[in-house]
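In: here is a sequence together with a model predicted from it:
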Amino acid sequence: KGFNRALNARRQVGSVIKPIVYLLALEHPEHYSWLSMIEDEPITLRQADGTLWSPSNYDNRSHGEVSLLEAMTRSYNQATVRLGMNIGLTEFTGKLAQLGIEQDIPSVPATLLGAVELTPMEVTQVYQSLAAGGFSVPLRAVTAVQTAQGDALNRYPLRLRPLERRDAVAVLNYGMTRVIAEGTARALPGLLRQDVIIAGKTGTTNERRDSWFVGYTRDRLAVAWVGLDDNRPAGVTGSNAALRVWARLFRQLPMLPVSLDMPEGAYWTWVERDRALLSASGCPGAEQMPFVEGSAPVDASPCKVRESDNETSFWRKWFDRD
């Protein structure tokens, strides 16, 4: 028997854990949406042993005020820690348990950036719930046992459990597709040589010891990890190693685009992203984004106001005709 890294190798997961912080934010639509702003500035926190912890970004720069969408797609550490501390560490570790992590997760700030050891199988379990649109299914390698003649000896039925906030999961999945389109995994479409909507997240741990990439299409999910068994620095990042392993596998598979249909409680609307304003399809800079109900902008762009006035004027003229 060899050592099964997928089931037994516990490694720090780095940034692949960050989307859970943003999922929690989206579950609080009264406070957060993808367009909410947060500071990506230095932060210092006192740890349980009295030492001070000051996380830095991968590029060793701070980026000022950024939207939640930019913070996640660019994987900014400082912004993520600020957001996670605003939400609360207890809520964060509780969400990981809901998503299938059975071990005790340290309730410390560094956990928000993936300073926790999980196996690739455990990471897959967490992301399965996201990829399935908020339906959690315990992963199994064996679903049934049969005789040589095909008679069933035993079956292990799937236990489908819907999460409480499928609306937030659906909106998070949109953000995960933006990681591929404009974020840390933007090299993936070129590696795949296909134009398919994919969701995913890169992860890199301290001193480039571990490289992770989690990606999923409509019907397939895979987790790739690259590192050295003795935990020495391997000189790898999520985008230069694990991402390429994942792409090599999925190049050989038929791929369906990730479903971005919104369930009850979430919807698409036109916005002007840079100014966090409602917009309309024909307005400059307008794009469609999903929002959990109650979190979309309330102020309209000048173009949106004009379009609304023109529409009102049209109907007034129609009904005022003789």
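Out: It's in.
In: use CA for all of it now, contacts and neighbours both
Out: Will do.
In: quick one: residue 33 from residue 167, how far?
Out: Taking CA to CA, to the nearest Å as the measure, residue 33 falls 12 Å from residue 167.
In: one more: residue 140?
Out: Counting by CA to CA, the gap from residue 140 to residue 167 is 26 Å.
In: please apply the same query to residue 197.
Out: Residue 197 is 19 Å from residue 167, by CA to CA.
In: same check on residue 92?
Out: Distance, residue 92 to residue 167, by CA to CA: 18 Å.
In: residue 5 too?
Out: From residue 5 over to residue 167 (counting by CA to CA), the distance is 34 Å.
In: which one of these two has more residues nearby?
Out: residue 167 (23 against 14; other CA atoms under 10 Å).
In: so after the helix or strand hosting that one, what's the next helix or strand?
Out: Under the criterion of DSSP states H and E, residue 167 resides in helix 166-182. Note on helix 166-182: by DSSP H and E, the next helix or strand toward the C-terminus is helix 188-192.
In: strand partners of the following helix or strand past that following helix, parallel vs antiparallel please.
Out: Next along the chain after helix 188-192, taking DSSP H and E as the criterion, comes strand 199-204. Partners of strand 199-204 in the sheet, by DSSP bridges, are strand 210-216 (antiparallel).
In: C-alpha coordinates for the strand it pairs with, PDB please?
Out: In PDB, the C-alpha atoms belonging to strand 210-216 read as follows (Å, rounded to 0.1, in the frame of the first residue of the first chain):
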ATOM      1  CA  ASP A 210       2.000  24.300  -1.400                       C
ATOM      2  CA  SER A 211       0.100  25.000  -4.600                       C
ATOM      3  CA  TRP A 212      -3.600  24.500  -4.800                       C
ATOM      4  CA  PHE A 213      -6.300  24.900  -7.500                       C
ATOM      5  CA  VAL A 214      -9.900  24.000  -7.100                       C
ATOM      6  CA  GLY A 215     -12.100  24.300 -10.200                       C
ATOM      7  CA  TYR A 216     -15.500  23.100 -11.300                       C
END
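In: now the element after it, going C-ward?
Out: Of the helices and strands lying after strand 210-216 in sequence (DSSP H and E), the nearest is strand 221-227.
In: mean confidence for that next one?
Out: Regarding strand 221-227, the rounded mean pLDDT is 94.
In: what about the strands in the stretch 1-150 of the chain?
Out: Counting by DSSP state E, counting those that start in this stretch, one finds strands in the stretch 1-150 of the chain at the ranges 11-12, 37-40, 45-46, 52-53, 64-67, 117-118, 135-136, 144-146.
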